[in-house]
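Chemist: based on what follows, work out the 3D shape:
(2 chains)
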Amino acid sequence: MGVYPPSLGRLIEQFSKFPGVGKKSAERLALYVLRSPKELAEGLAQSLLDVKEKIKLCSVCFNLTDTDPCPICTDQRRANGILCVIEGPGDQLAIEKSGAFRGRYHILQGVLSPLDGIGVEDLRISELISRLKKEEIREIILALNPTVEGEATASYLTDFLKGRGLSITRIALGIPLGGDLKYIDSMTLKRSLDNRSPCDS
Amino acid sequence: MEPKKTEAIILRTRDLGESDLLVTFFSSLYGNLKGVAKGARRSSKRFANSLSTFSLVDLQSRERRSGDLVLLESCELLDGFPGIRSDYNLLLRASYMVEMTETLFPSNVPSFEMFQLLRFALEAISKRQNVDESMISFQARAMKIGGFGINLSRCSRCGRQYKGEGRALFHPPSGSIVCLACEKESVMTPGMGPDTVSALHRVQSSERPLSNRLECSDNAVSELKAVLTSHIEHCLGKKLKSAKYLHPIRFQ
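Modeler: Prediction:
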C-alpha cells in the first residue's frame, strides 16, 4: 500500500478483508469514502460498531435481533401454534417478503453437514423441542433449502418429530415461476411430476 | 487449452464470491480436482442442480492458464442418488465415504478403480442395499486401492502362514494379522474368526467394484467394523471428521 497515505492504506486493507472484495474493489470503496461527505463515514463507522455491540440472537427463535425477544416473537397479531423451521436469518427475510406466512419462526442456525463438522448438537434442535410444549405448537413447517444437507436435515426432523401429535409439512419443491422445462434438471422434474396437484383444487 | 470431458462425483461445494461456486470433485479420468463454476449460484440454467454434493455428473472443464483450479464449463446430472437426501443416516455414511476418498486420494491422483468404488457405494446406500455391508466393503476396498490393504496371509511377527483355522489378531502398526502365540487379543489388537478373515479376503481381492453382500455372520460383521476402524485411523493418522457423527444423538 506504499503509494497511498498510511490512513488510506489502512482503510483499503480493512475493506479488502471483506468476502468477495479484492484489492481493486477495496481501493475503489476507500476512495469513494474519501470523496464522500464526512457524515457518510461517521454513519458507516457508527453502524459497524452498533452491529457488533447490539445485534444478538433472539432467545426464542434465534433470529438476529437488537431486542430480545425479537419483534416477530413479541408480535401479538401473528398466529400462535404454527412454527416455520428455517436454516438462517436470510431465509426468514425471504419468507417475510413473500407475506405468505404469519406464524412464528424457529431458526436452526445451519443444517446437518457431517463433512463440515456440523452435527445434531450444533443446531438449535433441543431448543425447538422445548418450544413445542411451551408454545403448544400444532403444526411445523419445514422450510429448509432443497440441498442434500437441507433435505437430510428435514428428513431427520420429520423422523424425530413424528408421533408427537404434530402436523409436519414441508414447503413444495418443483418448477419455479418463469422457469423453462428444457433447463430443469431431471430430479426436480421427477419431484414436480410425483407431487403434481389437481387443477381443480 | 482443450476442454476435458469426464464423469465425476461432486465431493464438496463452497460459495465463492457473489455468484460462483468452488467445486471439489473426483473424476474418473483425473482424480480429485477443484474447479470454479462461474455464475452457478445466480443462474440455474448452466449447471441446473447438478453441482450438489454426492451427485454423479458428466462434467466438462478447462484448465486455466495459472493456478490449480480448473474452470467448469458445463455439467449434466447423471444420478443425484436421491435416497441419500432423504435419510440422515445415509448422509452420514455418504459423507464418510467422500471424506475417506479425499484423504486417500489427494489432488491429481487418478484412480478409475476408486471412482467406480465410490460410485457403486453411493448407489448402494442410496438404494438402501445392505447399507452396513456396503459401508464395510467400501472401507476395505478403498484402503486396498489406496495401497493400505491388510495382509491376511501370514503372521507379521513369526511369519507363520494363516491357513484359515482359528482366530487371528489384527495388528494396526504392521497392517497385518498376527497369531495368538505372538500377541494377546485386546482393543488395540482386535480379533477375527476364520469367517471374518475369509470375508475380508473376499472383499479385498474381489474383481467387482463393490461387494455389498459379505455372506458372513453378524459377529463377523462386528469384528470387521472394529478391525477396519482401527486400521483406517492408524493409516490415516486421524479420525475422520464425519466418523464422529456415525451414531447420531437423539434428543428426548
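Chemist: so for residue B:249, what's the pLDDT?
Modeler: Residue B:249 is assigned 46 on the pLDDT scale.
Chemist: without its sequence neighbours, what residue ends up closest to residue B:133?
Modeler: residue B:214 (4.8 Å; Cβ to Cβ, 6 or more residues apart in numbering or on different chains). Where C-beta positions appear, they are placed from N, C-alpha and C, glycine not excepted.
Chemist: count the neighbours of residue B:128 for me.
Modeler: 12 (other Cβ atoms under 10 Å in any protein chain shown).
Chemist: report the contact partners of it.
Modeler: B:83, B:87, B:90 (Cβ atoms under 8 Å, 6 or more residues apart in numbering or on different chains).
Chemist: which residues touch the residue nearest in space to the middle of chain A?
Modeler: The C-alpha lying nearest the average C-alpha coordinate of chain A belongs to residue A:88 (Cα atoms, centre = their mean; 2.6 Å). The contact partners of residue A:88, taken as Cβ under 8 Å, 6+ apart, are A:107-110.
Chemist: pick out the most distant pair among those.
Modeler: Across the contacts of residue A:88, the longest distance by Cβ to Cβ is 9.3 Å; it joins A:107 and A:110.
Chemist: who has more neighbours, these two?
Modeler: Set side by side, residue A:107 and residue A:110 show more neighbours around residue A:107, with 25 against 15, by other Cβ under 10 Å.
Chemist: which residue is the nearest non-sequential neighbour of that one?
Modeler: Among residues not flanking residue A:107 along the chain, residue A:62 sits closest, at 4.4 Å (Cβ to Cβ, 6+ apart).
Chemist: you'd agree that neighbour is up against residue A:123?
Modeler: No. Residue A:62 sits out of contact with residue A:123 when judged by Cβ atoms under 8 Å, with a separation of 9.7 Å.
Chemist: overlap in contacts of those two?
Modeler: Applying Cβ under 8 Å, 6+ apart, one finds that residue A:62 and residue A:123 are jointly contacted by A:108-109.
Chemist: overlap of the contact sets of residue A:107 and residue A:110?
Modeler: Counting by Cβ under 8 Å, 6+ apart, the residues touching both residue A:107 and residue A:110 are A:87-88.
Chemist: mind checking how far the residue nearest to residue B:133 is from residue A:113?
Modeler: 30 Å (Cβ to Cβ, to the nearest Å).
Chemist: residue A:195 too?
Modeler: 25 Å.
Chemist: tell me which of those two has more neighbours.
Modeler: Shown here are residue A:195 and residue A:113; by other Cβ under 10 Å, residue A:113 has more neighbours (23 against 10).
Chemist: which of the three states applies to the residue nearest to that one when sequence neighbours are not counted?
Modeler: Leaving aside its chain neighbours, residue A:113 sits nearest to residue A:149 (4.6 Å; criterion: Cβ to Cβ, 6+ apart). Following DSSP: H, G, I helix; E, B strand; the rest coil, residue A:149 is assigned to helix.
Chemist: residue A:149 against residue B:92, yeah?
Modeler: No. Taking Cβ under 8 Å as the definition, residue A:149 is not a contact partner of residue B:92, at 11.3 Å.
Chemist: ok, residue B:63 - how many residues close by?
Modeler: Neighbour tally, residue B:63, other Cβ under 10 Å: 16.
Chemist: from chain A, how far off is the closest residue to it other than its chain neighbours?
Modeler: Nearest in space to residue B:63, with sequence neighbours left out and distances taken as Cβ to Cβ, 6+ apart, is residue B:1 at 4.7 Å. Using Cβ to the nearest Cβ, to the nearest Å, one obtains 24 Å as the distance from residue B:1 to chain A.
Chemist: contacting residues for the closest residue to residue B:158 other than its chain neighbours?
Modeler: For residue B:158, ignoring the flanking residues on the chain, the nearest one in space by Cβ to Cβ, 6+ apart is residue B:182 at 5.5 Å. Going by Cβ under 8 Å, 6+ apart, residue B:182 touches B:155, B:157-158.
Chemist: if we go to 10 Å?
Modeler: Contact analysis of residue B:182 by Cβ atoms under 10 Å, 6 or more residues apart in numbering or on different chains lists B:155-160, B:169, B:171, B:189.
Chemist: tell me the helix or strand right after the longest helix anywhere in chain A.
Modeler: Secondary structure assigned by DSSP state H gives helix A:38-54 as the longest helix of chain A. Moving toward the C-terminus from helix A:38-54, the next helix or strand (DSSP states H and E) is strand A:56-57.
Chemist: for that following strand, packing partners?
Modeler: Secondary-structure packing of strand A:56-57 (3 or more Cβ pairs under 10 Å, 6 or more residues apart in numbering or on different chains; DSSP states H and E): strand A:64-65.
Chemist: now the strand it packs on: how far from the chain's centre is it?
Modeler: Centre-to-centre, strand A:64-65 and its host chain are 11 Å apart (Cα atoms, centre = their mean, to the nearest Å).
Chemist: next SSE downstream of that strand?
Modeler: Assignment by DSSP H and E places the next element after strand A:64-65 at helix A:71-74.
Chemist: same question for that following helix, mean pLDDT?
Modeler: Mean predicted lDDT for helix A:71-74 stands at 94.
Chemist: up against chain A, what does the stretch 51-200 of chain B have?
Modeler: Applying Cβ under 10 Å from any Cβ of the partner chain, we find that the stretch 51-200 of chain B lies next to chain A at B:52-55, B:76-82, B:84-96, B:98-99, B:102.
Chemist: from those, which land in helices?
Modeler: Using DSSP H, those in helices are B:82, B:84-85, B:88-96, B:98-99, B:102.
Chemist: just the closest of these to residue A:9, please.
Modeler: Out of those, the member with the shortest distance to residue A:9 (by Cβ to Cβ) is residue B:102, at 39.4 Å.
Chemist: on that earlier part again, what's the local residue count around the residue nearest to residue B:133?
Modeler: Neighbour tally, residue B:214, other Cβ under 10 Å: 23.
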